[in-house]
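S.K.: just need the structure, nothing else, for what follows:
(chains A and B)
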Amino acid sequence: QVQLQESGPGLVKPSETLSLTCGVSGYSISSGYYWGWIRQPPGKGLEWIGSIYHSGSTYYNPSLKSRVTISVDTSKNQFSLELSSVTAADTAVYYCARGVTMVRGVDYWGQGTLVTVSS
Amino acid sequence: QSVLTQPPSVSAAPGQKVTISCSGSSSNIGNNYVSWYQQLPGTAPKLLIYEDNKRPSGIPDRFSGSRSGTSATLGITGLQTGDEADYYCGTWDSSLSAGGFGGGTKLTVL
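M.R.: Reported below is the predicted structural model:
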């Protein structure tokens, strides 16, 4: 059974960098699929952030591209998100997931972690 | 702004059928598979339909999907109160080289 678990600070100050990690169990990232991040502001819809392949190939949401970096550590079977220069608009539940290039749908999701941007 | 357009809400009585539309463009729905997700309150989204009309294991055949041109549709028959949720469509956008979702549709089972 594939499981994903987000970890990282739940509170980030404005202008700082949001950093999250997604640990994967039950499947080796090196075996395939694009992995990535999706977020959901409180009371709003889903926003696609970006994706990464085990080779390091990435795709990013154009509206966030200048501030986003997604990286992968196959030795630890995990991948990470960094979002710089955050503002209150970046407050959201952040989900890590598998299959985020939508070819066969996003089939496995983490439980999500709320990140609040506030001083 | 969402890449794809969905109605904000739909409603129907228990046992009835409902459809949820998802509209896009030639760069996304027109040339890429569509998937659908159900999000119950306080939980992560769950994959309902992938590759336009395929159901993952464990998803009942009350849920169906179709795609035509630059639009897609999710159908739910035999509505149950447990189907009350937010539903999202998703696809890849070849021009943006990015994924995208619809704004979501809240289903109310009256």
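S.K.: with adjacent residues omitted, what lies nearest to the residue of chain B most remote from its centre?
M.R.: Here the centre of chain B is the reference, and by Cα atoms, centre = their mean the most remote residue is B:Ser95, at 21.6 Å. Among residues not flanking B:Ser95 along the chain, B:Ser27 sits closest, at 3.8 Å (Cβ to Cβ, 6 or more residues apart in numbering or on different chains). No exception for glycine: its C-beta is placed from N, CA and C like everyone else's.
S.K.: from chain A, how far off is the one you found?
M.R.: Going from B:Ser27 to chain A by Cβ to the nearest Cβ, to the nearest Å gives 13 Å.
S.K.: if I look at the closest residue to B:Ser23 other than its chain neighbours, how far off is A:Pro41?
M.R.: Leaving out its chain neighbours, the residue that sits closest to B:Ser23 by Cβ to Cβ, 6+ apart is B:Thr5, at 4.4 Å. Going from B:Thr5 to A:Pro41 by Cβ to Cβ, to the nearest Å gives 19 Å.
S.K.: and A:Tyr33, by the same measure?
M.R.: Distance from A:Tyr33 to A:Pro41, counting by Cβ to Cβ: 26 Å.
S.K.: on that earlier part again, hmm, the residue nearest to B:Ser95 is touching B:Thr91, no?
M.R.: No. With contact defined as Cβ atoms under 8 Å, B:Ser27 does not count as touching B:Thr91 (9.8 Å).
S.K.: the longest strand in chain B is where?
M.R.: strand B:85-93 (DSSP state E).
S.K.: strand partners (parallel or antiparallel) of it?
M.R.: If you go by DSSP bridges, strand B:85-93 pairs up with strand B:34-39 (antiparallel), strand B:98-101 (antiparallel), strand B:105-109 (antiparallel).
S.K.: ok, which of those comes nearest A:Glu47?
M.R.: Among the strands paired with strand B:85-93, the nearest to A:Glu47 by Cβ to Cβ is strand B:98-101 (7.2 Å).
S.K.: would you mark the buried spots in stretch B:5-23?
M.R.: Within stretch B:5-23, the residues that qualify as buried are B:Gln6, B:Val10, B:Ala12, B:Val18, B:Ile20, B:Ser21, B:Cys22, B:Ser23, counting by 16 or more other Cβ atoms under 10 Å in any protein chain shown.
S.K.: which residues touch that stretch?
M.R.: Around stretch B:5-23, the neighbours that count as contacts under Cβ atoms under 8 Å, 6 or more residues apart in numbering or on different chains are B:4, B:24, B:29, B:34, B:36, B:70-81, B:87-89, B:102-110.
S.K.: hang on, the earlier thing: of B:Ser27 and B:Thr91, who's got more company?
M.R.: Counted by other Cβ atoms under 10 Å in any protein chain shown, B:Ser27 and B:Thr91 do not tie: B:Thr91 has more neighbours, with 28 against 17.
S.K.: show me where chain B has its strands.
M.R.: With DSSP E as the criterion, chain B has strands spanning B:9-12, B:18-23, B:34-39, B:46-49, B:63-68, B:71-76, B:85-93, B:98-101, B:105-109.
S.K.: can I get the ones you listed in TSV with mean pLDDT?
M.R.: Below are those laid out as TSV (pLDDT from 0 to 100):
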stretch	mean pLDDT
strand B:9-12	97
strand B:18-23	98
strand B:34-39	98
strand B:46-49	98
strand B:63-68	97
strand B:71-76	98
strand B:85-93	97
strand B:98-101	96
strand B:105-109	97
